[in-house]
Structure formats: C-alpha cells, structure tokens
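>>> Here is my input, please return the structure:
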Amino acid sequence: MGQPNIVVIMVDDMRRDDLAVMPQTRKYLGTDNGSSPPNGVRYSRAYAANPLCTPNRSCHLVGQYAHNTGVWGNDPLEGQGINALHPLEEDTLPVWLQAAGYRTGFVGKYVNGYGENGDTEPDTYVPPGWDEWRATQSGTYSYNGTRTVNVNGTLQQDNGYVTTWARKKAVGRVNDWAPDDVPFYLQVCFVAPHNDHPAAEPQYAGDSTIGVPESDAFDQAMPDDVPWIADGPAYTQSDIRRLTATRRERRDCLKSVDDAVNEIRLALVDNGVMNDTLIFFLSDNGFMLGEHRVENKQKPYEESTGVPVLARWTNGPLNPGVQSRLVSTIDVTATIVDVADAIPGHPLDGRSLLEPMPPTGEYRSVLSEGRQLSGDMPSWKLLRVRDYAYVEYEDSEIREFYDLAAQPWQRTNQISDPAYAGIVASLADLMVVMRDGAGVDYDVNWTPPA
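You can find the predicted model right below:
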C-alpha cells in the first residue's frame, strides 16, 4: 500500500456532544450511515493532551505531551502562544512529511498570537515544512468581518464568513493537488465554535433549540476538597439563559463546519482519491458549559478534556465503527507518521491507532495536563485508565479520583474511598512514569492490582 493522502480537519473548543448537529460528519467520517461496515470510526473516549488551544495544537505538530514541548499557554507577550512554539518548528509534522515526499498545505487558524502583537517573527513569516500556507492573523475570530491572511508570505485582506473562506481554500487545494501522483497532507483549522457568542451563517442562525447540558454536574459545585472549583455561586435564571444562548449559537455555527466537511469529502470523491485518503476530524479541546459551574476549558474534567475524534480511510487498515479504546490527540500525529512512512526528529509520545489494542487484562493509559498561568488553580495532570480518572496537582496534596462507570458526571471525589485504595495507589505509581516521561515510557499498559 502506497502513501495515502492525509487530511486533518481541526475545530476550536468543540465538545463531544456537539457532534449531534453534524450529521454529514457523522455519516461520512463516523458511524451514523446505517451501512455495514460504517464509513469511518469514532473514538468515543478521546482526550486532548492539553485542553487549551495553543498547547494542544503544538502537541499535534510536535507529537509530544506539553511537559515535553514546553508550550503551556496562549499569550505571546508572556512567552507562550506562538513564541513558545517557534523554537520547535524545525522539527514538526509538516517537516517530517515533506521529507517523506508529501506536499503540505495549511488553511485557517495556526496558534494564538501568530502574526500579531508580540510575535517575535515578522508578520510575513511562514513556518518550516509548508508548501502552501494560508493562515489567519488579525481578525482570526471575526466570523463575518475582515481578517488578515498570510498567503505564502504575502499579507492579504479577506472577508466574508470565516468558515466559508476556509472551506473554499481547502477544496481548492484538493482540486489542485489530487490529480497529481504526489501524496499530500492538508490541515484545515476552523475557528468554530470558539467565542462566547459565535456568529452563525444566516441560514443557520437560530436553528438550535437545545437547552443547557443534560448533565447532573450542571450548576453543581464541586466538593469542598477541590477548593478552586467548589466556591462557584449557584446560577441565576439570567445565567441559565445566557448559557443556553451560548450553547445554541455554538451549535448553529458548527452546521457550517458540517457543510465544509462534506464539501472537502466531495472534492476528494470527484478527484477519485477519497478511498486512498486518511481523514481525521478532531477538536483542539473540549469546553465546559456550566458543569461544576465552570464555563471554560483547561480543567481536568470530562467536558474540558474529552474531544471528538473521527477518522476514515476506506482502503486502509482502520476498523470502522465505534471504538472505546482510550485515545489521545497526539495519537493522531503518531498515526500520520506511521502511514506516511515519515521519520520524526525526536521520540513521539503517542501511539499509532493502527496498532492493536493492549492484550486482555492490560489497559492503555493517556495523559492530559494543564498549567494555570493565572488564577488560584494549580497546574494539574490527569491520568485516564479504563474507566478511572486520577488527578494530581502541582505543589498540593489535593488529589482527585473518579470511577466514571459509577459516576460519569464526577460529582463526588472518591480519592479517600477505601474500596478504591489499591487502584488509587497503583495509578499514583503509574502517574510517576507518565507525568515526566517521553516516547517509549508511554508504551507501558496498566494492569489492575490484584
């Protein structure tokens, strides 16, 4: 089997449950088409390596956890964002793919601060490894306004609906490259559904009628043993109306992304390369909409760290259907390297999704981590194994443990429950390996204690 074309479609701040308003994405990349076998695979337990935009996008490009990349925040004026990624850019996924014979193209949002105030590189800068480059700078989050776009080192002004702009550029790149006998890698990064009140296209504005999240954690404070979360005040009716409006607006703007996914698919079909193209759809992180009275990301809970990940490769060795294996977003990078026969310049922390599941009795473990650059919450690391979630905080004796099979909404911290003492001790030992390791350190599977 030769090298496949590879398309990565990444969205911004999308929750897993938001897939409900993306029927075309579910049908053509996932499992909802009613055929046997399904068109694609949905990884139902996928997690962001770091649930914040720039850190997780950097994890994708570098193929490592944030404690190895050193990218923890979004603000370039604080040495984070684009300025934390710059020193790593010579040894990233597009560079490896170019060396493996791929054409590489990028469309959309790169990382926070790119080409804007505080970026240490000139605003005409194009990162290494990209043959075709169309990345937004100022105006990235303006859904309907004017934005500055770096087109292969030349700045241009563009306007119109931002998802439509990115869709057209992505489809154009497929149409230009697919007829040639050269494999290509295309990364398309939509900004939806980012923003408190993202603007939908006119035909979708006001479509969604859903309410607040259907979660037992909604408007529920955490126990007192997690003090930086537990003190949030109860929501007022005004708060609930605001959160309802935000959830609806986020979903309305994702309907345009759903159209874009289908248009990219159709371009691949029309050019006769769909079956030999590996497609990934994923979000950079999740988002909390009132669970535990939190309304953001960068927290060690399911709604923040959990992300949608779907894939399709008709002629490749993916097993279609819903897979419950634990998956990290850096596994997407490892899979791309695997199928492209690329050679990274450093160890990768993820595992290729083409590898078999661990043997019976052993369980894959994945890590999510976050560093609070402001506020009271310490930096944290979340270890996910089987149905267990184990959290440690930096410079704090506070820990959290949840058996998600028993309480998926993480309402009660079970760290002191004697029934789980052996499991907690075992996970604490495994965390020592995971939190500071690299590469082969993550090949260790967890075996439950006797």
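
>>> Please look at residue 138 and residue 148 and confirm they touch.
Yes. Using Cβ atoms under 8 Å, residue 138 is in contact with residue 148, at 4.6 Å. Heads up, the C-betas are built off the backbone N, CA and C, glycines and all.

>>> any shared contact partners between these two?
residue 115 (Cβ atoms under 8 Å, 6 or more residues apart in numbering).

>>> What is the burial count for residue 370?
27 (other Cβ atoms under 10 Å).

>>> and the gap between the spatially most central residue of the chain and residue 49?
Of all residues in the chain, the one closest to the mean position by Cα atoms, centre = their mean is residue 284, 2.6 Å from it. Residue 284 sits 10 Å away from residue 49, going by Cβ to Cβ, to the nearest Å.

>>> any common contacting residues for the two?
With Cβ under 8 Å, 6+ apart, residue 284 and residue 49 have common neighbours 56, 329.

>>> Can you show me the helices along the stretch 1-150 of the chain?
In the stretch 1-150 of the chain, the helices defined using DSSP state H, counting those that start in this stretch lie at 23-29, 53-62, 66-69, 82-85, 93-99.

>>> For the fourth one, which helices and strands make contact with it?
Read that as helix 82-85. helix 53-62 (3 or more Cβ pairs under 8 Å, 6 or more residues apart in numbering; DSSP states H and E).

>>> And the longest one, by the same measure?
Secondary structure elements in contact with helix 53-62, counted by 3+ Cβ pairs under 8 Å, 6+ apart, are helix 66-69, helix 82-85, helix 93-99, helix 329-340.

>>> Let's have these in a markdown table, adding mean neighbour count.
Listed next are those as a markdown table, based on neighbours: other Cβ atoms under 10 Å:
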| stretch | mean neighbour count |
| --- | --- |
| helix 66-69 | 22 |
| helix 82-85 | 24 |
| helix 93-99 | 21 |
| helix 329-340 | 24 |
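
>>> how about those helices, which one is nearest residue 220?
helix 329-340 (27.8 Å; Cβ to Cβ).

>>> Next, the angle helix 53-62 makes with that closest one.
30 degrees (axes from the mean of the first three to the mean of the last three Cα atoms, to 10 degrees).

>>> which stretches of the stretch 1-150 of the chain have low pLDDT?
The stretch 1-150 of the chain contains residues with pLDDT under 70 at 1, 36.

>>> Mind jotting down where the strands sit in it?
Residue ranges of the strands in the stretch 1-150 of the chain, as given by DSSP state E, counting those that start in this stretch, are 5-11, 41-47, 103-108, 132-136, 147-151.

>>> now do the stretch 251-400 of the chain
Counting by DSSP E, counting those that start in this stretch, the strands of the stretch 251-400 of the chain are 277-283, 306-307, 309-312, 321-328, 365-370, 380-385, 388-393, 399-403.

>>> Now find how far off-centre the last one is within its chain.
Think strand 399-403. Per Cα atoms, centre = their mean, to the nearest Å, the displacement of strand 399-403 from the mean C-alpha position of its chain is 23 Å.

>>> Equivalent analysis for stretch 145-153, please.
Centre to centre, stretch against its chain (Cα atoms, centre = their mean), the figure for stretch 145-153 is 24 Å.

>>> So which bits of stretch 218-227 are buried?
218, 219, 220, 221, 222, 226 (16 or more other Cβ atoms under 10 Å).

>>> So which of these sit within strands?
Among these, no member is found in strands (DSSP state E).

>>> from those residues, which single one is nearest residue 82?
residue 226 (32.6 Å).

>>> Run through the neighbouring helices and strands of the one helix or strand residue 250 maps to.
Using DSSP states H and E, the element containing residue 250 is helix 237-270. Contact here means 3+ Cβ pairs under 8 Å, 6+ apart; on that basis helix 237-270 packs against strand 5-11, helix 23-29, helix 162-177, strand 277-283.

>>> out of those, nearest to residue 355?
Nearest of the helices and strands packed on helix 237-270 to residue 355, taken as Cβ to Cβ: strand 277-283 at 15.1 Å.

>>> Distance from that closest one to the middle of the chain?
11 Å.

>>> Direction included, what does that strand pair against?
strand 5-11 (parallel), strand 309-312 (antiparallel) (DSSP bridges).

>>> I'd like the ones you listed as TSV, with distance to residue 63 appended.
TSV is the format used below for the strands paired with strand 277-283 (distance: least, Cβ to Cβ, whole Å):
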stretch	distance to residue 63
strand 5-11	13
strand 309-312	15
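
>>> Which one, of the ones you listed, ends up nearest to residue 237?
strand 5-11 (30.6 Å).

>>> about what we covered before: taking the buried residues of stretch 218-227 one by one, which sit in helices?
Using DSSP state H, no member of the buried residues of stretch 218-227 falls in helices.

>>> Now do the closest residue to residue 296 other than its chain neighbours against residue 229, distance only.
Once flanking residues are discounted, residue 296 sits nearest to residue 288: 6.2 Å by Cβ to Cβ, 6 or more residues apart in numbering. Applying Cβ to Cβ, the value for residue 288 to residue 229 is 10 Å.

>>> Overlap of the contact sets of these two?
Joint contacts of residue 288 and residue 229 (Cβ under 8 Å, 6+ apart) are 294, 299.

>>> More neighbours: the two, which one.
Set side by side, residue 288 and residue 229 show more neighbours around residue 288, with 24 against 19, by other Cβ under 10 Å.

>>> Please report the distance of the more buried one from residue 17.
12 Å.

>>> any residues in contact with both of those two?
By Cβ under 8 Å, 6+ apart, no residue touches both residue 288 and residue 17.

>>> What's the per-residue pLDDT of residue 230 here?
If you check residue 230, the pLDDT there is 67.

>>> next one: residue 334
pLDDT, residue 334: 97.

>>> swap in residue 374?
67.

>>> Please work out how many residues are found near the residue lying closest to residue 275 once chain neighbours are set aside.
Closest residue to residue 275 apart from its sequence neighbours, by Cβ to Cβ, 6+ apart: residue 314 at 4.0 Å. Residue 314 has 15 neighbours, counted by other Cβ under 10 Å.

>>> is it true that residue 272 touches residue 178?
Yes. Residue 272 lies in contact with residue 178 (Cβ under 8 Å); the separation is 7.4 Å.

>>> where's the closest residue to residue 258 other than its chain neighbours relative to residue 268, distance?
In this structure, residue 258 finds its nearest non-sequential neighbour in residue 22, 4.0 Å apart by Cβ to Cβ, 6+ apart. From residue 22 across to residue 268, the span is 18 Å (Cβ to Cβ).

>>> before we move on, what about residue 376?
For residue 376 relative to residue 268 (Cβ to Cβ), the value is 48 Å.
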